[in-house]
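Peer 1: Here is a sequence together with a model predicted from it:
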Amino acid sequence: MSKTAERARKRRAREAGSAEVVLYTDGACKGNPGPGGWAFILVHPESGRTLERSGAEPETTNNQMELRAVIEGLEALKRPSSVRLVTDSAYVEKGILEWSPGWKRNGWRRRTSNGPRPLKNAEFWKRLDELTSRHDVTVTRVRGHAGHPENERCDQLAVGAYLRLIGA
């Protein structure tokens with residue numbers, strides 16, 4: 001889908017009264033790679049409803065858990081929505097806003113001085129691309145561990161998830 005067609009689709013979704021939600025996400029990892037956790041908080045400001053979810057993987061990376069949190073949060077939405085994604089991950093922010101269009105054009109490969117190379121976490125980026133094409137997503141990055149209440153809560157949930165996984 002062209003950028004113009006995608007913008008038009010998102011505009012129509014907004015005009016049709018799609019739900020407006022805020023999605024807070026975080027990922028955590030003990031070791032990199034190592035056991036990791038992801039978490040999201042989905043808030044519907046109009047109704048005040050909140051959904052929290054988290055999960056863990058035995059062998060993963062921090063970037064994979066950051067991406068998984070966003071994917072899980074977007075998958076929880078039942079219909080196209082205007083989503084304000086709040087993350088502390090520059091990797092997620094730049095990947096969505098800057099890098100993914102080029103990766104997609106290049107067959108989910110990245111350009112290097114030695115030619116195209118496989119993209120790390122391509123399966124996550126492909127799924128995220130599918131999900132962001134359904135929704136009108138804006139991205140806000142906050143500083144991690146800086147007292148942002150929802151970011152701190154997501155961190156607690158993500159760390160708690162991997163601690164339960166490893167039995168700590």
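Peer 2: Yep, it's here.

Peer 1: Quick one: the strands in the chain, in order.
Peer 2: 19-29, 34-44, 49-60, 81-87, 109-112, 115-118, 136-141 (DSSP state E).

Peer 1: which of the residues in the longest one are buried?
Peer 2: If you call a residue buried by 16 or more other C-beta atoms under 10 Å, then strand 49-60 has these buried ones: 53-57, 60. For glycine as for every other residue, the C-beta is placed from the backbone atoms N, C-alpha and C.

Peer 1: quick revisit: can you add mean pLDDT and give the strands of the chain back as JSON lines?
Peer 2: Listed next are these as JSON lines, based on pLDDT from 0 to 100:
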{"stretch": "strand 19-29", "mean pLDDT": "94"}
{"stretch": "strand 34-44", "mean pLDDT": "97"}
{"stretch": "strand 49-60", "mean pLDDT": "97"}
{"stretch": "strand 81-87", "mean pLDDT": "96"}
{"stretch": "strand 109-112", "mean pLDDT": "88"}
{"stretch": "strand 115-118", "mean pLDDT": "88"}
{"stretch": "strand 136-141", "mean pLDDT": "95"}
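
Peer 1: how about these in JSON lines, adding distance to residue 100?
Peer 2: Listed next are the strands of the chain as JSON lines, based on distance: least, C-beta to C-beta, whole Å:
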{"stretch": "strand 19-29", "distance to residue 100": "16"}
{"stretch": "strand 34-44", "distance to residue 100": "19"}
{"stretch": "strand 49-60", "distance to residue 100": "20"}
{"stretch": "strand 81-87", "distance to residue 100": "13"}
{"stretch": "strand 109-112", "distance to residue 100": "11"}
{"stretch": "strand 115-118", "distance to residue 100": "15"}
{"stretch": "strand 136-141", "distance to residue 100": "11"}
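
Peer 1: ok, residues contacting the lengthiest helix in the chain?
Peer 2: Criterion DSSP state H: the longest helix present in the chain is helix 149-166. With contacts defined as C-beta atoms under 8 Å, 6 or more residues apart in numbering, helix 149-166 is touched by 24-30, 35-41, 43, 52, 54-58, 65, 69, 86, 88, 142, 144-145.
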